[in-house]
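Undergrad: here is my input, please return the structure:
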Amino acid sequence: MKKVYKNRSYRSLVSNKKLQTFRVAVKETDLLVRAETPVETETTDLVLKHRTPLERYIEDNPDFVDRLTPLPHDPLAPPIVRTMIEAGQKAGVGPMAAVAGAVAEHVGRDLFAYSKEVIIENGGDIFIRTTFPVVVAIFAGSSPLSAKLGVRIDSQGTQMAVCTSSGTLGHSLSLGRADAAVVISESSALADAAATAIGNVVSNKADIASAIRLGEKIDGVAGIVLIINGQMGLWGKVELVRLPQN
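TA: The predicted structure follows:
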């Protein structure tokens, strides 16, 4: 699991003028939401709907947070917890590696009741369902490639996700040194967990190929972008675009 700078200045790098933009923050959850209308109250209610059972599950299962390896299925767990466990199993990591993506995914799905166009960013993990293409900028810290490239996503009304893990930015755990491990998937939870798994095995540019081989074996991963310093590796369904520079 990972985050980027606490001031979240990278949010200005993902823009779309067709939708209303608003922020919803509940405890550690800090969402930037784009939808057809500014449904802040409804979004806040949905965050609480999914956070509350997750918090209660963690209270009853304190090892859940620190677990770095996959957990077995728990059919009695809340839906968001089961999503996190399944993502962790597929990626070979602990369930908390999927928490930001899982929150974005569950809230995003529920927001379909209010808006057919939804984009949610949660700590660098982005849930997308739009009828038009969007470009997600790749923020890679001090890498010379940072904020110069983006990933074009054309979800055509189906849900997609772009999630990023970094070993050089933020306060959350990563075992590697990748500036950005970006994963594209239909599931935000899986993309979040897979980005962590891929980023964990990158210590230097020589690890790019083996990390991508690991990622392409994870069921549900559609594309990978891996950046360390000035080096980049790509795999799968990735459409890169150059971003305009000020």
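Undergrad: any chance you could map the strands in the protein?
TA: All strands of the chain, identified by DSSP state E, fall at 20-26, 29-35, 118-122, 125-129, 134-137, 149-153, 160-165, 180-185, 221-228, 231-236, 240-242.
Undergrad: now Gly108. Nearest residue, chain neighbours left out?
TA: Phe127 (4.0 Å; C-beta to C-beta, 6 or more residues apart in numbering). Quick note: C-beta positions are derived from backbone N, CA and C, even for glycine.
Undergrad: partner residues bridging the one you found?
TA: On the basis of DSSP bridges, Phe127 takes part in beta bridges with Ile120, Ala161.
Undergrad: before we move on, what about Val241?
TA: Gly150.
Undergrad: who are the contact partners of it?
TA: Val241 makes contact with 135, 149-152 under the criterion C-beta atoms under 8 Å, 6 or more residues apart in numbering.
Undergrad: Ser121 contacts Asp30, doesn't it?
TA: Slight slip there: residue 121 is Glu, not Ser. No: contact criterion C-beta atoms under 8 Å: Glu121 and Asp30 do not qualify, at 9.2 Å.
Undergrad: closest to Ala87 out of the contacts of Val241?
TA: The shortest approach to Ala87 among these belongs to Val151, at 19.9 Å (C-beta to C-beta).
Undergrad: top helix in this structure by residue count?
TA: Secondary structure of the chain read by DSSP state H shows that its longest helix is helix 40-60.
Undergrad: same for that one, what does it pack against?
TA: Counting by 3 or more C-beta pairs under 8 Å, 6 or more residues apart in numbering; DSSP states H and E, the packing neighbours recorded for helix 40-60 are strand 20-26, strand 29-35, helix 63-66, helix 79-91, helix 99-111.
Undergrad: please repeat the previous calculation with a cut-off of 10 Å.
TA: Judged by 3 or more C-beta pairs under 10 Å, 6 or more residues apart in numbering; DSSP states H and E, helix 40-60 is in contact with strand 20-26, strand 29-35, helix 63-66, helix 79-91, helix 99-111, strand 118-122.
Undergrad: one step back: are any of the contacts of Val241 buried, and if so which?
TA: Under a neighbour-count criterion of 16 or more other C-beta atoms under 10 Å, the subset of these counted as buried comprises 135, 149-151.
Undergrad: these: which two are farthest apart?
TA: Spatial extent of these (C-beta to C-beta) is set by the pair Val135 and Leu149 at 9.7 Å.
Undergrad: list residues touching both of those two?
TA: Contact criterion C-beta atoms under 10 Å, 6 or more residues apart in numbering; residues bridging Val135 and Leu149 by contacting each: 240-241, 243.
Undergrad: including distance to Ser203 and pLDDT, could those go into JSON lines?
TA: Output for the shared contacts of Val135 and Leu149, formatted as JSON lines (distance: C-beta to C-beta, whole Å; pLDDT from 0 to 100):
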{"residue": "Leu240", "distance to Ser203": "24", "pLDDT": "95"}
{"residue": "Val241", "distance to Ser203": "29", "pLDDT": "93"}
{"residue": "Leu243", "distance to Ser203": "28", "pLDDT": "90"}
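Undergrad: redo those residues as TSV? Include distance to Val201.
TA: Converted to TSV, these look like this (distance: C-beta to C-beta, whole Å):
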residue	distance to Val201
Leu240	22
Val241	27
Leu243	28
